[in-house]
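Colleague: Got a sequence here, can you build the structure:
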Amino acid sequence: MSIAALITWVITAGLGSYMVATWRKHGGLRSGAPATHFPPARVFTHLGLAVAGLVVWIVFVATGAAVWSWVAVADLVLVAALGIILVRRWTVDGRLAMSGADSSSTGDLAEQHITRLPVVLHGIFAASTFVLVVLTAAGIGTG
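Modeller: Here you go, the predicted model:
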């Protein structure tokens, strides 16, 4: 199960990297006019913690030391919390943009160039990764 978690984590990271690249390409780091409602610190903390957790998981897979699996679980809790905040903001702004309400606040936000499919797939693979990591850390399915 640890290898399945590794695979889902890598897929999740790939989808996340695509979304960050799209966000950056459309002005996510531009200063001045509100090009984004995503604070760059939140985006890059989410990304950095996810990558760090992936490295921790690779160490766990390589060593089999249970402490690393629990470090990965703790890391994923933080990553998930930040991800939920980001997707909530993305959803609210997307709904406002679709309704045509107050385009000055939603305008051409960088995050609205991220289409629904990668967001949904990222969420599905992230949730799968979390479940697999928790089950592995708890020793379920490793027998």
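
Colleague: For Val79, see how far away Thr8 is.
Modeller: 13 Å (CB to CB, to the nearest Å). In short, each C-beta sits where N, CA and C put it, glycine included.

Colleague: Among those two, which residue is more densely surrounded?
Modeller: The neighbour comparison of Thr8 against Val79 (other CB atoms under 10 Å) goes to Val79, with 26 against 20.

Colleague: how near is that one to Leu109?
Modeller: 23 Å.

Colleague: Next: Leu135.
Modeller: From Leu135 to Leu109 the distance is 37 Å (CB to CB).

Colleague: Over to Trp90?
Modeller: Applying CB to CB to Trp90 and Leu109 gives a distance of 9 Å.

Colleague: Which of the two has more residues huddled nearby?
Modeller: The neighbour comparison of Trp90 against Leu109 (other CB under 10 Å) goes to Leu109, with 24 against 20.

Colleague: Secondary structure class of Ile140, three-state.
Modeller: For Ile140, the assignment made with DSSP: H, G, I helix; E, B strand; the rest coil gives coil.

Colleague: Now do the phi/psi pair for it.
Modeller: Torsion angles at Ile140 (phi, psi; degrees, to the nearest 10) stand at phi -90, psi 130.

Colleague: Report pLDDT for it.
Modeller: For Ile140, the pLDDT comes out at 93.

Colleague: What sits closest to it if chain neighbours are left out?
Modeller: Spatial nearest neighbour of Ile140, excluding adjacent residues (CB to CB, 6 or more residues apart in numbering): Met1 at 7.9 Å.

Colleague: That neighbour contacts Thr136, doesn't it?
Modeller: Yes - with contact defined as CB atoms under 8 Å, Met1 reaches Thr136; the gap is 4.9 Å.

Colleague: tell me how far the helix ranked longest in the chain is from the chain's mean position?
Modeller: For the chain, the longest helix by residue count, based on DSSP state H, is helix 66-99. In this view, helix 66-99 has its centroid 6 Å away from the chain centroid, taken as CA atoms, centre = their mean, to the nearest Å.
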